[in-house]
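In: Here is a sequence with its predicted model. Questions after.
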Protein chains: 4
Amino acid sequence: MKIIKDSVHDHIQVDGVARELLDTPELQRLRRISQLGTVSLVYPSANHTRFEHSLGVYHLACEALEQLAVDGRRAERVRAAAMLHDVGHGPFSHNIESLTHRRTGRYHDDVHELLADGAVGDVLRDHGLEPAAVADLVAGEGRFGQLVSGELDVDRMDYLVRDAHHTGVPYGTIDHGRLVRELTFVDGELVLDEGNVQTAESLLVARALMNPTVYSHSVARISKAMLRRASERLLESPATDLEAETLQRMDDHDLIAALRSCDETAAFSRRLDHRDLFKRAVWAEMDDVPGGIIEADHGTIREFEREISDRAGVDPDHVILDVPSRPSMTESTTRVMVNGEIRRLGQQSPLVDALRAAQYSQWRLGVYSPPDLRERIGRTAVDVLGLDIDGALVTEVRDGRDATLDQFVD
Amino acid sequence: MKIIKDSVHDHIQVDGVARELLDTPELQRLRRISQLGTVSLVYPSANHTRFEHSLGVYHLACEALEQLAVDGRRAERVRAAAMLHDVGHGPFSHNIESLTHRRTGRYHDDVHELLADGAVGDVLRDHGLEPAAVADLVAGEGRFGQLVSGELDVDRMDYLVRDAHHTGVPYGTIDHGRLVRELTFVDGELVLDEGNVQTAESLLVARALMNPTVYSHSVARISKAMLRRASERLLESPATDLEAETLQRMDDHDLIAALRSCDETAAFSRRLDHRDLFKRAVWAEMDDVPGGIIEADHGTIREFEREISDRAGVDPDHVILDVPSRPSMTESTTRVMVNGEIRRLGQQSPLVDALRAAQYSQWRLGVYSPPDLRERIGRTAVDVLGLDIDGALVTEVRDGRDATLDQFVD
Amino acid sequence: MKIIKDSVHDHIQVDGVARELLDTPELQRLRRISQLGTVSLVYPSANHTRFEHSLGVYHLACEALEQLAVDGRRAERVRAAAMLHDVGHGPFSHNIESLTHRRTGRYHDDVHELLADGAVGDVLRDHGLEPAAVADLVAGEGRFGQLVSGELDVDRMDYLVRDAHHTGVPYGTIDHGRLVRELTFVDGELVLDEGNVQTAESLLVARALMNPTVYSHSVARISKAMLRRASERLLESPATDLEAETLQRMDDHDLIAALRSCDETAAFSRRLDHRDLFKRAVWAEMDDVPGGIIEADHGTIREFEREISDRAGVDPDHVILDVPSRPSMTESTTRVMVNGEIRRLGQQSPLVDALRAAQYSQWRLGVYSPPDLRERIGRTAVDVLGLDIDGALVTEVRDGRDATLDQFVD
Amino acid sequence: MKIIKDSVHDHIQVDGVARELLDTPELQRLRRISQLGTVSLVYPSANHTRFEHSLGVYHLACEALEQLAVDGRRAERVRAAAMLHDVGHGPFSHNIESLTHRRTGRYHDDVHELLADGAVGDVLRDHGLEPAAVADLVAGEGRFGQLVSGELDVDRMDYLVRDAHHTGVPYGTIDHGRLVRELTFVDGELVLDEGNVQTAESLLVARALMNPTVYSHSVARISKAMLRRASERLLESPATDLEAETLQRMDDHDLIAALRSCDETAAFSRRLDHRDLFKRAVWAEMDDVPGGIIEADHGTIREFEREISDRAGVDPDHVILDVPSRPSMTESTTRVMVNGEIRRLGQQSPLVDALRAAQYSQWRLGVYSPPDLRERIGRTAVDVLGLDIDGALVTEVRDGRDATLDQFVD
């Protein structure tokens, strides 16, 4: 048994299979993967890691299992899945995963392999757990998969509180103790017990407020886009001969070191190190963007970028087109007991539709460029992309402030 | 200059007129007025007072004035108003104010008198401040009245954070630092600066979640209704010969002592002391309640109660009919700058309508009675009030849990 | 089972005998006994009560029992004792207990009676617990008595953290989670396990710093002395015919109401209400005080006061002589395992002697009086008491600041 | 003007010269230097950086200057020094500084150069500040140097609170607001005003408790010693041709990458990455250690290590001898006003000597080795070093727990 002091949950007691998983290289690697990637360029205290988050998720899973009166091997499997749920993350967490997943063409298999192989697989099997069964839980499958990865999962409960603690933005401070205590199984479904519509709404609202303020802060988006572009260049560089699979297994140190030493990426690396970031040349509401661009695949996006840089007569690496995917709201399907029946939160709470509408109203396409090229690239991009806004607006918007904390903005 | 240590804002520096107002009996009395009244019967840590809240409001007003670059006598007037804004509160804060206001027939004049008379009036005049002008600010009038009592007032900012701190319910933990920093005046209106739709929404959401969980928790409502009924009896008692004006100037100790020593109220007092509370005999959605009852004045409500107790053959003091007024949402008119123009939050954010709908869906009529009389009184009340629910529902509902923390609910 | 939300420990789960004890009038009364009495005149947020503290002590006792693997009736007895440990407290907690104990001549028997009688006795017996055995634990007797009332008791762990939370003074913020986890029994003694000398020291240091800053802040001492004197007058008043036993069973409201309505005490009551407090006329290091005064009993102290008021020609109620008893340091006997043997902290840690010396250096005799009489009463008191300081010093000291936060000190 | 959200001080306002210093590569580099180095291997949440700490120190300096009523260029100089005070730190903060300082043979000149050169020098001169004058402040020289680097500096105030926040160990939670408010200048000396002996003691005690629990936790010491040894090997490696000056200017990523890719250090790097650490083979009280070893210089220590590895017949890199320097207690010279005169805390408070004694009693020599070689290396080391303990003790000690949290200790 091991007691670990955590800045969020205070003492975390680690036992059984989790105790041995802790010592595997796969889990120790998470100490060197930052939880929020480039968000620390906006909120300088946000340097927490996937390792402490994994401990927190494990801790909440233990509490939930106790509440649900689940024990034995079934519980041990869930605890292992909670501890391991982020083991597949690449460097800088979500920042470059779209890139590596596109390249490797898989996500799900990856976790299955990771859990079956190496030290993790050995530990799981030593404790009588089938790696594939644990991987299924990580993927949200089965009855208990909902607890690890679903609308009411302990992953979300931990990250909201932890990200609030480390950024200083209080919106994520949910009542996780209450959420865990009110979990119950009804007809094989994980639900919040009677009297918890508010509790469910509070989780929804927390994420809805953290999203624009933290996770999608414009400066975090810009620096993430720069990091992603740099990583793509790294994979394309003939000098490095790097596979996407290898990149995905790196830690933050490896990736930074690789970006610094590769000719094609050194400039991006220097910009990120010095916080000498691109700025928004275009920041357009999606209503003003043609559907073809919104639905475009990565190849098409790259072509648009090239067309913009060609027409503007600038270095191709000076144009980044950032088209975030359609907003989603997992929490809308949260199940809550109301008057003795299971209801989806989306049926029950008017907040769900309102927050979805709010998310859509914040959904923006961005074109980023070095500050001194904003004007030129912005005008060209509006033209190339066929945006429904006039040139003047681009200028105005880039001088404005978006719906987020203006820390370090511009 | 005085430095006061506060559990919410840490060190509060009190200066000038506020420094001398602190020592007046009117302000010292607020030490003995609990901030949340009977809510402490649900959340046992919620024993904070109007005094510490007044200090907090004063502190945030100072920060806002600095941000707005306001100084001189105008600022001093606002600081005095912030410190004094609750000086008119009766015992147990809002718990019995509907009663005393109905009896005395005035609220606004009351504050004007309080601020003009006694030690407070002397201090204000000594500092060259006109009591009436300060009272106007307390009433929310004039340009700076919005800061003291309006959609964006520092009163709300302090109480949300303070009530969260003391109840342990995190929903009220707003980012008051950001709110205060983003205040600005545009065309004489207090607005949140560009880029703060989210900030405004966070305030709205905090109150929307605190409301059912804390302020209108069913047990807090029940005990508040009992306290109000007892106070009404006290005023009616021939033995006490008590005026509503006098009651309104009491502190919590006075009222408790009076209730204990008066024959007509001793039973209520004992129940409140022992937390031997009434329970819900009826808990009806307002959709099922005839409009005549929703709009009924106090006299009519009392008649309904008497009819219920008569028909059920119980002591008139064993029936309490609690019809809360229509939900309001002051924050909907919060002004935010969006693309260079002032917009009302209600125009801008889909959350406003959704939260208003949510408030309406939580709006409930209650009939409260001693536990052993619930069945009988519940059935009679449904009948007398012409509620659109069958008798069975009353029984079911009272065994259920409402949309609130089930602390002590039973 | 009941879940209660606490501002310090978050969710507290109350079960078994404790669940039923909660509903007794004896325990509900603690909602109306402030934890720190007149300390709230220095730290305005310190309005917490013995009720929430009792819940906290119960909560830590449950955690400690789990850690010590104690269950069954023995554990239930400890949990009951933890919940009930403060049930004998009079109004304003420790503020007037020296008075009532002197008058009633007993403390220990009192708890035994309280636990045997009334609703509490019934509940205990219903759960198969002997009230006398529970009372013994409250008195710190027996193996588990150490946990309820001893050097390492959960009472101290809760109050330090809770008082820090509510005053805003961080010194009491100990690591109670670690303290509870490291408890163990060795040879029937409750000890901290190997490797915890620091942990034990941290508890000692927390109290040593909270003491002068909070518990013995000069303004808290003055107002406590005024309250004690007023209560003594109340007992002596022929009009009230009040017994010390009755006074001890009052709550804060009762005492305040009694003080307000009694002619002999109305002036004190008004002063306390308006925070129009006495000031220090003398503030003398104990080295300068004759031994006879330090060891004097209450009657002698009263005679000194009368002599001072006679000679100074002032109202006897305008002179209060406050001689605190010799500093103690319970924690010095804390048992810690060091290299496999039980050691007393006092043997092991040089901090114990140093903190004891520090306590002695802060030990002060005070004479308090209305501000305008300080000079006259101060000089007379120095004379009457034979203090080894010259008149000038008295004047200087009263203009100085003592070794505490200067909140409201003036 | 820039507002930055910090997890400790909430909003930090950055202005003037500090605003421009923020954007220099020298300051941005501190984002990639962890504040506590290998301590995160004990406390997994302790991933905060020198950058956020520098912001915090700057923030407290601003508050102190306001309190001291200092403004103009003199204040601007102090603010620049506060922001820049850690700009000279090498990778992993203090972990390898003894190594690089020994190699480069200088510390003080280094800061002078750093501040005069590059972007920092330009910014300082642009704001009319002489880099040398700022560097003097960083070195603690002159009247205001005490505020930046002295017994009462804002550096210490920030790191104690910040390290407590991020490790979760509450001992460092001092009342920095009070400390800053009580600063004053008397006869050109920075002192704490009258009535603050306790305040000064609280700072002393906080560091005394954080020291063994956090900063010198045995596992942090072991991993730090491994990192230092690895870095030394890196400098010695003919393949890298690395200068100590270059190493000192690296960030954490650079050093990790270098250690991974160098043959001589890859094994250490793997051990640190996998948390597969050396263990204590010897853990001796300094009373049992010959004076010659305590005073030995680095070369002599290396010779002892070689002799131990030779005699034990193990790889030289499997023996690390860790002899920490004599405990110091800067705070003992803190100046406090007592009865109108300046006193040193060491004269005034018995705690100073007690804490010094406590530090000495925790002072330990360690010999670290791979777990399977502990027995052999431990016995040989006792012999070679002439320690006054028998072989059995070595075995016993390594099974025991030292006076620290036993996190990960094994």
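Out: Everything's here; your move.

In: Going by neighbour count, list what's buried in stretch A:8-17.
Out: Neighbour-count burial for stretch A:8-17 flags A:8-9, A:11-12, A:14, A:17 (criterion: 16 or more other C-beta atoms under 10 Å in any protein chain shown). Backbone N, C-alpha and C define where each C-beta goes, glycine included.

In: Check the average confidence over it, would you?
Out: Averaging pLDDT along stretch A:8-17 gives 96.

In: burial of A:Asp117, as a residue count?
Out: A:Asp117: 12 surrounding residues under other C-beta atoms under 10 Å in any protein chain shown.

In: Contact partners for it?
Out: Shown in contact with A:Asp117 (C-beta atoms under 8 Å, 6 or more residues apart in numbering or on different chains): no residues.

In: Now with 10 Å, please.
Out: Residues near A:Asp117 by C-beta atoms under 10 Å, 6 or more residues apart in numbering or on different chains: A:26, A:131.

In: What separation do you get for it and D:Met83?
Out: According to C-beta to C-beta, to the nearest Å, A:Asp117 and D:Met83 sit 47 Å apart.

In: now swap in A:Pro290 and tell me
Out: As defined by C-beta to C-beta, A:Pro290 lies at a distance of 47 Å from D:Met83.

In: So if I had to pick from these two, which one is more boxed in?
Out: Taking neighbours as other C-beta under 10 Å, A:Pro290 and D:Met83 compare with D:Met83 leading, 26 against 12.

In: got the contact list for that one?
Out: D:14, D:17-19, D:21-22, D:24, D:27, D:30, D:54-55, D:57-59, D:61, D:120, D:134.

In: tell me which element it falls in.
Out: Element membership of D:Met83 [criterion: DSSP states H and E] is helix D:72-84.

In: Please save the CA atoms from that helix in CSV.
Out: The C-alpha trace of helix D:72-84 is given here as CSV (Å, rounded to 0.1, in the frame of the first residue of the first chain):
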residue,chain,number,x,y,z
GLY,D,72,9.7,56.0,-9.0
ARG,D,73,12.9,54.6,-10.5
ARG,D,74,14.0,53.0,-7.2
ALA,D,75,10.8,51.0,-7.1
GLU,D,76,11.1,50.1,-10.7
ARG,D,77,14.6,48.7,-10.1
VAL,D,78,13.3,46.5,-7.2
ARG,D,79,10.4,45.2,-9.4
ALA,D,80,12.8,44.4,-12.2
ALA,D,81,15.1,42.6,-9.7
ALA,D,82,12.2,40.6,-8.3
MET,D,83,11.1,39.5,-11.7
LEU,D,84,14.6,38.6,-12.7
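
In: Check the offset of whichever helix or strand comes after that helix from the chain's centre.
Out: Using DSSP H and E, the helix or strand that follows helix D:72-84 in sequence is helix D:97-104. Centroid separation for helix D:97-104 versus its chain: 14 Å, with C-alpha atoms, centre = their mean, to the nearest Å.

In: Can you give me the buried ones in helix D:97-104?
Out: Buried residues in helix D:97-104, counted by 16+ other C-beta under 10 Å: D:97, D:99-100, D:103.

In: now stretch A:71-84
Out: Buried residues in stretch A:71-84, counted by 16+ other C-beta under 10 Å: A:75-84.

In: likewise stretch A:244-253?
Out: Neighbour counts using 16+ other C-beta under 10 Å place A:244, A:247-253 of stretch A:244-253 among the buried residues.

In: Which of those residues fall within helices?
Out: Among those, the members found in helices (DSSP state H) are A:244, A:247-249, A:252-253.

In: Now do the strands in chain A.
Out: A:2-6, A:10-14, A:183-186, A:189-192, A:279-285, A:320-322, A:335-338, A:341-344, A:364-369 (DSSP state E).

In: Spell out whether the second one and chain B are in contact.
Out: No: remark: strand A:10-14 sits outside contact range of chain B, by C-beta under 10 Å from any C-beta of the partner chain, the gap being at least 15.5 Å.

In: Which neighbouring elements make contact with that strand?
Out: With contacts defined as 3 or more C-beta pairs under 10 Å, 6 or more residues apart in numbering or on different chains; DSSP states H and E, the packing partners of strand A:10-14 are strand A:2-6, helix A:16-21, helix A:50-67, helix C:176-181.

In: can you list the ones you listed in a markdown table and add distance to D:His298?
Out: Compiled in a markdown table, these are given as follows (distance: least, C-beta to C-beta, whole Å):
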| stretch | distance to D:His298 |
| --- | --- |
| strand A:2-6 | 33 |
| helix A:16-21 | 39 |
| helix A:50-67 | 34 |
| helix C:176-181 | 37 |
